[in-house]
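K.L.:
Can you look at this prediction? I've put the sequence above it.
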Amino acid sequence: MAKLAEADLIIKNASQLLTIRGFSKRLKTGKDMNNLNIVENGAIAIKNGRIAWIGKSKNVKNNISLRLKGQMIDAKNKLVMPGLIDPHTHLVFSGSRHEEYKMKIAGLSYTEIHSKNINSGIISTMKATRNASESELVCSALERIRLATQHGTTTIEIKSGYGLNRSNELKILRVIKELKKRSLIDIVSTFLGAHTIPPEYRNRRELYVDLVISMLPKIYKEDLAKYCDVFCDNLGFTIEETRKILEKARNVGFVLKMHAEQTSYLGSAKLAAQLGVISADHLDHISYEGIKKMAKRGVVGILLPGVTFHLMERQKQKFMECQVKRMIESELPIALATDYNPGSCNTLSMQMIMKLAAVFYKMSPEQIINAATINAAHAVGMADEVGSLEIGKKADIIISDVQEYGELVDKFGYNLVRTVIKNGQII
Ligand code: NIG
Ligand code: FE
């Protein structure tokens, strides 16, 4: 008899194993979003942190043997799937905005809170973050990453953007670099120096744009970030400023991202398509034309329903339900993210976001799961490594206490994930 392949870890008897395979090289859009490539009563074997075999549980014994000291997990009545990917967070910051949230409860909009006084909104977090030491920021961020991981996130994108001057933006990017070394999950780093105009540049915004541009070469050279993002918005940067910063960033070597059409319609989705950014995020005021242009260019649309929820933007819900339907019909690749930050969305749970995508956008469970895994992996340039269960890819796997994937968007408000495996290690 032929020698069986050896594994360090075998998970078997999963009621459903969602592989989501076949889209590591291309974005998942349209009707493909309805498919999860499921193995019923499935099993998966892991060797050296990578996926070595996938099949039916009954075929394990004829194909795979466990190495000495290897581990077997019985996933009976459980759901096995790729780890969740959170492709948009502002996870490194200090302070809290819960006092400000009382204004939200009293009926003020996000924009009104920002115009309340010179220290409110993003600037309040900027001040607290400028005052925090690097080690304080590392500690609080590690705890947040731990929480996100507990809820199933195995790859996360983190933006700078609460420093808003040279020394503090570099400080945050160094913190993210340190997090990469100290955390078990994969971290993707994004420079968001163009988050908003800091108070000291309020009347000379063009100088702040120049400052951001002048920081690009060092950040890129020192490998402090691979992506460059701009908050293109009335609270952030104009279309022309955004174009100027992102064109320079592209010339330096960055891959581009944008916060687009968040608080009002500016035509930023069209700019995102023109520039060929990897993702344009928020999109709450996107036009049909913007959708079609982004779809044609293959820009991932990252939807952030936690913001709509946290900021109580009821008026956006019907519009977005209609636009998301158009996005899918237009073959726009959709991903989901938390946008975790202290002002507009204070959750680290991708499970919560998945629920909200069902409630606000009426996305199907299949569309939601694809958006939180393989398309989210594409949005951070990591689809070759993560986002689906396929031989050779990283063994990033979550086991949830549900039997069918539909339950993932049905149940809410408590953690359904029981086991998180990153690079083949149970964490
Ligand atoms: O993505 N929109 C800009 N930035 C964040 C919010 C930042 C904040 O309010 O602190 C966002 O929503
Ligand atoms: Fe954001």
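P.N.:
Great, that's in hand. Ligands and ions are numbered 1, 2, ... in the order given.
K.L.:
going forward, measure contacts between C-alpha atoms and count neighbours the same way
P.N.:
Noted.
K.L.:
With adjacent residues omitted, what lies nearest to the residue of the chain found nearest ligand 1?
P.N.:
Closest residue of the chain to ligand 1, CA to the nearest ligand atom: residue 343 (3.6 Å). Distances taken as CA to CA, 6 or more residues apart in numbering place residue 97 nearest to residue 343, at 6.1 Å, with adjacent residues excluded.
K.L.:
ok, now residue 295?
P.N.:
residue 332 (4.3 Å).
K.L.:
hang on, that neighbour packs against residue 297?
P.N.:
No - the pair formed by residue 332 and residue 297 falls short of the contact definition of CA atoms under 8 Å, at 9.1 Å.
K.L.:
low-scoring stretches of the chain, by residue?
P.N.:
Judged by pLDDT under 70, the chain has its weakly predicted residues at 1-2.
K.L.:
switch to 90 and redo it
P.N.:
For the chain, the stretches with pLDDT under 90 are 1-5, 68, 115-119, 314-316.
K.L.:
give the contact list for the spatially most central residue of it.
P.N.:
Geometric centre of the chain, nearest residue: residue 87, 1.8 Å, by CA atoms, centre = their mean. When contacts are counted by CA atoms under 8 Å, 6 or more residues apart in numbering, residue 87 touches 155-158, 302, 336-338, 376-377, 379-380.
K.L.:
In contact with the closest residue in space to residue 340 that isn't next to it in sequence, which residues are there?
P.N.:
Closest residue to residue 340 apart from its sequence neighbours, by CA to CA, 6+ apart: residue 89 at 4.7 Å. Contact analysis of residue 89 by CA under 8 Å, 6+ apart lists 156-159, 337-341.
K.L.:
And for residue 37?
P.N.:
Residue 37 sits next to 18-21 when contact means CA under 8 Å, 6+ apart.
K.L.:
Same list (the residues you listed) but as JSON lines, adding distance to ligand 1 and secondary structure.
P.N.:
Putting these into JSON lines (distance: CA to the nearest ligand atom, whole Å; DSSP: H, G, I helix; E, B strand; the rest coil) gives the following:
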{"residue": "18", "distance to ligand 1": "30", "secondary structure": "strand"}
{"residue": "19", "distance to ligand 1": "30", "secondary structure": "coil"}
{"residue": "20", "distance to ligand 1": "28", "secondary structure": "coil"}
{"residue": "21", "distance to ligand 1": "30", "secondary structure": "coil"}
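K.L.:
which one among those residues gets closest to residue 355?
P.N.:
Nearest to residue 355 out of these is residue 18 (CA to CA; 18.1 Å).
K.L.:
Touching, residue 256 and residue 277? I think so.
P.N.:
Yes - Residue 256 lies in contact with residue 277 (CA under 8 Å); the separation is 4.7 Å.
K.L.:
of all the residues in the stretch 301-427 of the chain, which ones are close to ligand 1?
P.N.:
Counting by CA under 6 Å from any ligand atom, the residues of the stretch 301-427 of the chain lying close to ligand 1 are 339, 341-344.
K.L.:
8 Å instead, please
P.N.:
Applying CA under 8 Å from any ligand atom, we find that the stretch 301-427 of the chain lies next to ligand 1 at 307, 339-345.
K.L.:
Most neighbours among these, which one?
P.N.:
For these, neighbours were counted using other CA atoms under 10 Å, and residue 339 has the most, 31 neighbours in all.
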